[in-house]
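> what follows is a predicted protein model with its sequence.
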Amino acid sequence: MKRSKKAIVPLLGVLAAEGVIVFLLTCAWTGAIMSGENTAAMTPSATPDRQDRTISTPETALVDNTAVSSAEKKEIKKIYKTDKKTLALVNKKKKLKTSYHSSLIPICQGRLQASEYLYDSLVRMLADAGDEGYQYFIASAYRSREKQQALINDGVRKRMRHGASYDEAIEKTYEEIMPAGHSEHETGLALDILCSGNMHMDVSQKEEPGNRWLRKHCYKYGFILRYPKGKEHITNTTYEPWHFRYVGERAAKYMREQNLTLEEFWDGME
Ligand SMILES: [Zn+2]
C-alpha cells in the first residue's frame with residue numbers, strides 16, 4: 001500500500017506548533033499493527049530482547065586493529081567530534097557510564113521512550129519506507145538498567161524453578177540477555193524494528209522486503225544495522241536484522257562506505 005507523506009508532514013508540523021508532547025508518529029502509520037498489542041511478541045517487557053544474545057566465544061577480540069588505516073583514523077576522529085552524543089559504544093565488554101544522559105522522549109504514543117537525537121530521522125525513515133509500502137512495529141527502544149536487571153532476575157528465577165543451580169541459571173541467562181549496564185538499549189539510541197507482517201524477533205526478519213529496505217537505506221537517516229552478518233566475531237553478538245542503532249548521518253554513511261561496525265569505528269579513535 002502506497003502512503004503519501006503529504007498527510008504526515010503537516011500533522012507533524014501541527015503537533016510541534018501546538019506544543020503537544022512529542023510522541024512518535026511512526027505509530028500513526030503503523031496503526032493497524034499498534035492496535036494488536038496483545039501479542040506477546042509485541043510487549044517489550046515480556047520479550048527479553050534477543051539482541052543481547054551473544055555468541056559462544058565471549059573472549060573473541062572485539063576489534064581488528066589492522067582494518068583501519070591512519071587516514072581512516074583521522075576521518076573517524078573528525079566524525080566523532082561532531083557526532084559524539086550519538087556514538088556511545090556499549091557492548092559486553094564496555095559498560096555504559098551511569099552518568100550517561102539518554103535524552104529521552106516518549107515515542108509510539110508513549111508506549112516506549114527513545115533518545116531525542118533519533119526522533120526526526122526515524123520519522124523521516126519510516127515515512128519514506130511507508131511510501132514504498134512498508135510498515136513496521138517498534139518492539140523495543142530505551143530500556144533502563146533497572147529494567148535490564150529485572151529481565152535477568154526473571155530469567156534466573158525461571159531457570160531455577162526448572163531445576164538449574166544459580167550458577168547454571170545465571171550463565172544461561174547471560175547467553176540471552178546482556179548484563180545490566182551493557183545493553184545498548186540503555187542509551188535510547190537502539191531500536192528493535194519488526195516488519196508489520198512478521199512479529200518474530202528472529203532472523204526470519206531478513207527475508208522481509210521491509211527489513212531489506214531498512215538495511216539498505218537506514219544509513220541515509222543516520223542508522224546502522226548494529227549486529228551485521230559476517231561481523232559476529234567483532235560485535236560478539238549474533239546477526240540481528242531487526243536491531244538498528246542511531247549514530248548520526250555522517251557516521252552512518254562513513255561506516256557504510258568503509259564497512260565498519262561501531263566497534264571498528266571506535267577502534268579507529270585509538
Ligand atoms: Zn535490540
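Nice, thanks for sending it over. Residues are numbered from 1 along each chain as shown.
> lowest-confidence helix or strand of the chain?
Least confident helix or strand of the chain, by mean pLDDT, DSSP states H and E, is helix 31-34 with a mean of 30.
> could you point out which element follows that one?
Helices and strands here follow DSSP states H and E; after helix 31-34, the next one along the chain is helix 70-83.
> what sits against the closest residue to Cys218 other than its chain neighbours?
Nearest residue to Cys218 in three dimensions, chain neighbours excluded: Phe244, at 5.8 Å (CB to CB, 6 or more residues apart in numbering). The way it works is simple: take the backbone N, C-alpha and C, and place the C-beta from them, glycine included. By CB atoms under 8 Å, 6 or more residues apart in numbering, the contact list for Phe244 reads 190-193, 214, 218, 223-226.
> now with 10 Å?
51, 118, 122, 125, 138, 189-193, 211, 214-215, 218, 221-227, 252 (CB atoms under 10 Å, 6 or more residues apart in numbering).
> and if you look at His243?
Residues near His243 by CB under 10 Å, 6+ apart: 49-52, 139-140, 184-185, 190-193, 201, 205, 224-228, 237.
> coming back round to it: could you list which of the contacts of Phe244 belong to strands?
Using DSSP state E, 138, 190-193, 223-225 are the members of the contacts of Phe244 that sit in strands.
> what number of residues lie near Lys84?
Look at Lys84: counted by other CB atoms under 10 Å, it has 11 neighbours.
> my guess is it contacts Arg250, does it?
No. Judged on CB atoms under 10 Å, Lys84 makes no contact with Arg250 at a distance of 11.5 Å.
> could you find the closest non-adjacent residue to Leu118?
According to CB to CB, 6+ apart, the nearest residue to Leu118 is Tyr246 (3.8 Å).
> that neighbour and Arg157: what is the separation?
Applying CB to CB, to the nearest Å, one obtains 33 Å for the distance of Tyr246 from Arg157.
> all set now, cheers.
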